[in-house]
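In: Quick one: sequence plus predicted model below, questions after.
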Amino acid sequence: MADFGADIELEDFRAEAAAWLKAAFPIALAGKGQMAMSERPSAPADLVAWRKAIGEKGWATPTWPTQYGGGGLSPAQTRVLAQEMAKIGAFNPLLFGMGVTMIGPTILDYGTEAQKAQHIPPIVRGDVQWCVGYSEPNAGSDLASLQTKAVDTGDHWVINGQKTWTSGAQYSDWCGLLTRTDPAARKHDGISFMLVDMHQPAIETRPIALIAGASPFCETFFTDAVAPKDALLGQLNVGWTVGKRLLQHERASQTGAIGGGRQAPLNQIAKRYVEVDADGRIADPDLRTRLVRHEMDARTHALTLARVMAESKEANGATNGASVLKNSATHVAQTRAELTLEIMGAQGLGWDGADFSREEIETVRGWLSGKAMSIYGGSAEIQNNIISKRILGLPDTTQSS
């Protein structure tokens with residue numbers, strides 16, 4: 001039997017959300033979700049204002065508890081909010097950082113009440129930036145081989161070691177760090193997860209230049225860095241469990257669930273660059289076919305995403321299905337980038353200069369940076385291993401067996 005009262009309440013919320021978005025979202029940002037990844041020191045004023053507005057409202061973390069500043073919305077209300085944001089090309093400007101997508105959910109899972117009270121409200125408001133200290137020069141895919149260590153000196157921890165590929169470390173206020181606390185234990189058992197203040201001279205960051213021109217990754221060096229005893233998230237020497245949970249949240253954040261505003265349909269972009277027939281269709285039948293196949297893949301991904309999100313709500317958190325979505329989101333995004341460059345022809349070769357529009361230059365740089373999607377957050381091969389073992393139940397023939 002239909003619950004008409006619930007439907008009316010949901011439509012009332014839709015009207016509330018639409019009115020608030022109309023007042024708070026800068027229309028100049030419509031459809032520019034990629035700007036959410038702007039480095040904070042260089043973020044434009046409209047983006048700074050939007051981050052502040054949605055953070056204070058709590059709708060950047062719509063389902064998080066209101067006691068920590070979250071929106072406290074139901075799943076149904078969250079879907080309505082996403083729909084209203086999509087209508088006007090709005091996007092969540094805080095979902096591209098590590099705080100909302102990874103660290104915050106993990107603190108909610110494992111943190112003490114004191115840790116939640118200290119860290120969750122600033123994450124909700126977007127007041128702080130977080131990075132994650134996982135990979136090391138000799139511990140990438142085999143992360144449990146990490147050698148960064150934390151020594152208990154009585155009233156605090158002393159940390160020494162090196163991390164690499166630390167996204168946004170040069171701008172971060174805090175780091176979620178995997179570190180070895182018991183070198184005598186088996187490698188998976190002697191690891192702890194710590195919340196480390198980045199504002200100390202004992203921590204040095206060195207940006208790594210990438211082919212796309214930006215430097216989102218860093219080498220990060222800890223030389224007698226310190227952390228208080230209550231920096232431990234979860235139990236001592238059980239950080240591997242905490243770290244795996246964070247990776248589930250990370251993969252869930254890379255599935256396409258994050259709103260970036262509506263993208264222009266590829267067929268509309270194509271008609272600005274390639275020949276069309278008398279009926280207004282793209283003249284090249286092969287290109288038409290490949291565009292349709294891409295649209296089918298994108299819609300299949302979106303439907304699978306909706307199913308996995310529903311399953312994760314029932315499971316009270318991220319699931320292994322995120323590995324499927326991480327790979328399919330990568331395929332959809334990389335295929336779109338390749339098709340866009342092909343459509344633009346010579347205009348899809350620009351790096352800078354007056355001969356190319358900003359959209360064309362961003363497309364080229366986005367295509368280059370998008371190559372990393374099949375590597376970061378766990379490579380496509382790692383995701384396939386997770387899918388085969390944990391979803392399909394196939395035998396484990398890797399070294400871990």
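Out: Looks like it arrived, so ask away.

In: burial measure for Gln147, as a count.
Out: 14 (other Cβ atoms under 10 Å). Bear in mind the C-beta positions are built from the backbone N, C-alpha and C, glycine included.

In: Gly58 versus the closest residue to it other than its chain neighbours, what's the distance?
Out: Excluding its sequence neighbours, the residue lying closest to Gln147 (Cβ to Cβ, 6 or more residues apart in numbering) is Gly161, at 5.9 Å. To Gly58, Gly161 is 37 Å away according to Cβ to Cβ, to the nearest Å.

In: quick one: buried residues of the strand ranked longest in the chain?
Out: In the chain, taking DSSP state E as the definition, the longest strand is strand 217-228. Neighbour counts over strand 217-228 (16 or more other Cβ atoms under 10 Å) mark 217-222, 225-227 as buried.

In: elements contacting it?
Out: strand 130-133, strand 156-163, strand 191-197, strand 203-208 (3 or more Cβ pairs under 8 Å, 6 or more residues apart in numbering; DSSP states H and E).

In: what would those look like in a markdown table with mean pLDDT and mean neighbour count?
Out: Shown next, in a markdown table, are those (pLDDT from 0 to 100; neighbours: other Cβ atoms under 10 Å):
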| stretch | mean pLDDT | mean neighbour count |
| --- | --- | --- |
| strand 130-133 | 96 | 27 |
| strand 156-163 | 98 | 20 |
| strand 191-197 | 98 | 23 |
| strand 203-208 | 95 | 16 |
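
In: and of those, who's closest to Ser328?
Out: For Ser328, the closest of the helices and strands packed on strand 217-228 is strand 130-133, at 23.3 Å, according to Cβ to Cβ.

In: Can you list the strands that the closest one pairs with?
Out: When pairing is defined by DSSP bridges, strand 130-133 lines up against strand 174-180 (parallel).

In: Tell me, please, where in this structure the pLDDT is lower than the cut-off.
Out: Low-confidence segments of the chain, defined by pLDDT under 70: 1-6, 34-42, 253-263, 309, 312-320, 398-401.

In: List the residues that contact Gly377.
Out: Contacts of Gly377 were listed using Cβ atoms under 8 Å, 6 or more residues apart in numbering, and they are 247, 250-251, 254, 326.

In: tell me which element it is part of?
Out: Element membership for Gly377, per DSSP states H and E: none, as it lies in no helix or strand.

In: Leu246 versus that one, what's the distance?
Out: 11 Å.

In: I figured Asp189 was touching Gly239, is that so?
Out: No - using Cβ atoms under 8 Å, Asp189 is not in contact with Gly239; the gap is 9.6 Å.

In: more crowded one of the two?
Out: When neighbours are counted by other Cβ under 10 Å, Asp189 and Gly239 differ, and Gly239 comes out ahead with 27 against 13.

In: Show the backbone phi and psi for the more buried one.
Out: For Gly239, the backbone dihedrals (degrees, to the nearest 10) come out as phi -70, psi -20.

In: Surely it is in contact with Leu178?
Out: Yes - judged on Cβ under 8 Å, Gly239 makes contact with Leu178 at a distance of 5.8 Å.

In: Touching both of those two, which residues are there?
Out: Contact criterion Cβ under 8 Å, 6+ apart; residues shared by Gly239 and Leu178: 191-193.

In: could those be laid out in TSV, adding distance to Ala322?
Out: Shown next, in TSV, are the shared contacts of Gly239 and Leu178 (distance: Cβ to Cβ, whole Å):
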residue	distance to Ala322
Ile191	22
Ser192	24
Phe193	19
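
In: ok so, going back, quick one: work out the angle between the longest strand of the chain and strand 174-180.
Out: 80 degrees (axes from the mean of the first three to the mean of the last three Cα atoms, to 10 degrees).

In: Next one: the residue sitting furthest away from the middle of the chain from Gly370, what distance?
Out: Distance to the chain centre peaks in the chain at Ala278, reaching 43.2 Å (criterion: Cα atoms, centre = their mean). If you measure Ala278 against Gly370 using Cβ to Cβ, the figure is 35 Å.

In: before we move on, what about Pro62?
Out: In terms of Cβ to Cβ, Pro62 sits 27 Å off from Gly370.

In: between these two, who's got more neighbours?
Out: Shown here are Pro62 and Gly370; by other Cβ under 10 Å, Pro62 has more neighbours (22 against 16).

In: any chance you could map the strands in the stretch 301-401 of the chain?
Out: Assigned by DSSP state E, counting those that start in this stretch, the stretch 301-401 of the chain shows no strands.

In: With just CA atoms, put the host helix or strand of Gly55 into CSV.
Out: Per DSSP H and E: Gly55 is located in helix 45-57. What follows is helix 45-57 as a C-alpha-only set of coordinates in CSV (Å, rounded to 0.1, in the frame of the first residue of the first chain):
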residue,chain,number,x,y,z
ALA,A,45,35.8,32.8,-4.8
ASP,A,46,32.5,31.2,-6.0
LEU,A,47,33.8,27.8,-5.1
VAL,A,48,35.0,28.9,-1.7
ALA,A,49,31.6,30.3,-1.0
TRP,A,50,29.8,27.2,-2.2
ARG,A,51,32.0,25.0,0.0
LYS,A,52,31.2,27.1,3.0
ALA,A,53,27.4,27.2,2.3
ILE,A,54,26.9,23.5,1.8
GLY,A,55,29.3,22.6,4.6
GLU,A,56,27.4,24.7,7.1
LYS,A,57,24.1,23.3,5.8
